[in-house]
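1. following is a predicted model, sequence given first.
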Amino acid sequence: ACSSQTPTSADWQTVGSLAELDQNGELLVQKSPTFNVLVVGKSTNANLIAVNPTCTHSGCTVSWETEGNKFVCPCHGAEYDSAGQVLNGPATKPLKTYTAKIADNSVLVQA
Ligand code: FES
């Protein structure tokens, strides 16, 4: 029996509208129990940041701090840079990152 499944080609999933993104500078969406995504940026940004905001320490949801250009976990203070890499513990593993793009006034994430 085949116990592990390799994902085939990744799908682009719509996570919200460009208007929603521009309003808050971020979009937090739970698409499924295993696919949470936090997109940070605005339509004027060339590169959107998209991560799974589930803290790798104990699973709290991190939030984005524009001033510090980093993600901060409210539970035990872990911090991650814009690429999801750990800046400060107690987390030791990076946040999962996704590729995001804008198309037809929608924000899409590849997952
Ligand atoms: Fe995020 Fe502990 S769950 S720092």
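-> Okay, I see it. Numbering: from 1, shown residues only.

2. write out the residues of the chain neighbouring the ligand.
-> 55, 57-60, 73, 75-78, 90-91 (Cβ under 6 Å from any ligand atom). C-betas here are computed from N, CA, C, even on glycine.

3. how about 8 Å then?
-> The interface of the chain toward the ligand, taken as Cβ under 8 Å from any ligand atom, is made up of 55-60, 62, 73-78, 89-91.

4. give me the buried entries from those residues.
-> 55-57, 62, 73, 78, 91 (16 or more other Cβ atoms under 10 Å).

5. now those as TSV including distance to T14 and secondary structure?
-> Formatted as TSV, these follow (distance: Cβ to Cβ, whole Å; DSSP: H, G, I helix; E, B strand; the rest coil):
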residue	distance to T14	secondary structure
C55	25	coil
T56	26	coil
H57	30	coil
V62	22	coil
C73	27	coil
A78	29	coil
A91	29	coil
